[in-house]
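Engineer: Just the structure for this:
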Amino acid sequence: MPDLQSPPARKRFFLALPIPTPIRITLSHIQKPLQSIDLPVKWQTGKLMHLTLAFLGEMDETHVEPLTAILHQIGQATPRFHLELEALGAFPSYGHPRILWMGVQPSRELVRVQKALTAALATAGYVSEPQDYYPHITLGRCAHDLTRESKQRLQAALSKPAAMQGESRWEVDRIHLYESRTDEFGLHYTPLSGVMLNA
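Structural biologist: Next up, the predicted model:
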């Protein structure tokens, strides 16, 4: 008899730091002047905001357990630390903006945990991105190439210091393994597992 068992479902995974509610509120205030420019940008809602440490791409769901084990290995060896919002930016450049983001100061603690995590993933045979890590929180994605006038207006807005209305510094106390999924209702990030950092 042929094996009729369905193959494991495939999912898109990434490891990231969740963003606490007070910081999400600050980021929503930062988005407002950019939104007022009326550009073809899909804005990131608060519930989708996170700080990526490693993106793993698509793989089958049997990897949840070993990835969670790696997460616990790194998390249990990492003390809690603080992060702070820094400045606005765009990828790949201001001249050709596709992703609008809020930078996060690359503290020694953040760099250390990101490197430890990607090293542990590599040892276990996982290939992760990005190779050059620049910590940021996505605020919006440009739907298509902007006109020259739109680019100029956006560049002018991004060049101004972000108005920090509310909290801009927070304590990092956990790391999550997320699934990224898109359906007819939009983009969803679902935490599949997590680990608390040392107090």
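
Engineer: for the closest residue to Val41 other than its chain neighbours, what are its contacts?
Structural biologist: Counting by CB to CB, 6 or more residues apart in numbering, Gly140 is the residue found nearest to Val41 once chain neighbours are left out, at 4.2 Å. The C-beta positions use only the backbone N, C-alpha and C, and glycine is treated the same way. Shown in contact with Gly140 (CB atoms under 8 Å, 6 or more residues apart in numbering): 31, 34, 41-44, 99-100.

Engineer: Please identify the helix or strand for Thr138.
Structural biologist: Counting by DSSP states H and E, the element that carries Thr138 is strand 136-142.

Engineer: ok, that strand: who's next to it in the sheet?
Structural biologist: strand 41-43 (antiparallel), strand 97-104 (antiparallel) (DSSP bridges).

Engineer: just to revisit the earlier point, from the contacts of Gly140, list the buried ones, please.
Structural biologist: Among the contacts of Gly140, the ones that count as buried by 16 or more other CB atoms under 10 Å are 31, 34, 41, 43-44, 99-100.

Engineer: Let me know the angle separating the helix or strand of the chain with the lowest mean pLDDT from strand 97-104.
Structural biologist: The weakest-scoring helix or strand in the chain, judged by mean pLDDT, DSSP states H and E, is helix 148-158 (a mean of 84). Comparing the axes of helix 148-158 and strand 97-104 via axes from the mean of the first three to the mean of the last three CA atoms, to 10 degrees yields an angle of 0 degrees.

Engineer: then the strand holding Thr138 to CSV, C-alphas only?
Structural biologist: Extracted as CSV, the C-alpha positions of strand 136-142 are listed here (Å, rounded to 0.1, in the frame of the first residue of the first chain):
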residue,chain,number,x,y,z
HIS,A,136,15.1,48.2,12.8
ILE,A,137,11.3,48.0,13.2
THR,A,138,9.3,48.2,9.9
LEU,A,139,6.8,51.0,9.8
GLY,A,140,5.5,50.6,6.3
ARG,A,141,6.1,49.1,2.8
CYS,A,142,5.9,51.1,-0.4
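
Engineer: What pLDDT is listed against the residue nearest to Val41?
Structural biologist: You'll see Gly140 listed with a pLDDT of 94.

Engineer: and it, what are its bridge partners?
Structural biologist: So, taking DSSP bridges as the rule, Gly140 has Trp43, Leu100 as bridge partners.
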